[in-house]
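In: Build me a structure from this.
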Amino acid sequence: MIKMSWTLIGEHADEWTGADTQEGAAVLEARLRTVVEDSDMTAETAQHWQATFLAPMVEAVRTEGQAAVSRGEAWSKAAGPMLVSVSTTA
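Out: Numbering: from 1, shown residues only. Okay, here's the model as predicted:
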């Protein structure tokens, strides 16, 4: 099993546990997209944030994070106001 947790500083913290990093990346993207869309950001700012921070982080989870957990290692990355960590669970 894989555990992924994330924090959007000053806004939101959440976690997900499942069997597949690709699914976890999709959950991360959906949940944070909802948080940003429900925030008081303008549509233009929300779109910029998603393109600048969220999309690259989701791709990093799918590539770097997946590679790390495949080796049995934990992985984490920060981008702007967001921190994501992925690890295997017992």
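
In: ok, longest helix in the protein?
Out: helix 21-38 (DSSP state H).

In: buried set for that helix?
Out: 21, 24-25, 27-29, 31-33, 36 (16 or more other CB atoms under 10 Å). C-betas here are computed from N, CA, C, even on glycine.

In: Contacts for that helix, please.
Out: 2, 4, 6, 8, 11-12, 14, 16, 18, 46, 49-50, 54-55, 57-58, 61-62, 65-66, 69, 82, 84, 86 (CB atoms under 8 Å, 6 or more residues apart in numbering).

In: ditto for stretch 68-88
Out: Against stretch 68-88 from outside (CB under 8 Å, 6+ apart): 1-11, 21, 24, 28, 32, 49, 52-54, 56-57, 60-61, 64-65, 67.

In: Strands - which of those land there?
Out: 2-8 (DSSP state E).

In: and the residue lying closest to Glu64 once chain neighbours are set aside, how many neighbours?
Out: In space, Glu64 comes closest to Trp75 once its chain neighbours are excluded; the distance is 6.2 Å by CB to CB, 6 or more residues apart in numbering. The tally of other residues near Trp75 (other CB atoms under 10 Å) stands at 19.

In: who's Trp75 bridged to?
Out: Val86 (DSSP bridges).

In: one step back: and the angle from the longest helix of the chain to strand 2-8?
Out: Interaxial angle, helix 21-38 versus strand 2-8 (axes from the mean of the first three to the mean of the last three CA atoms, to 10 degrees): 20 degrees.
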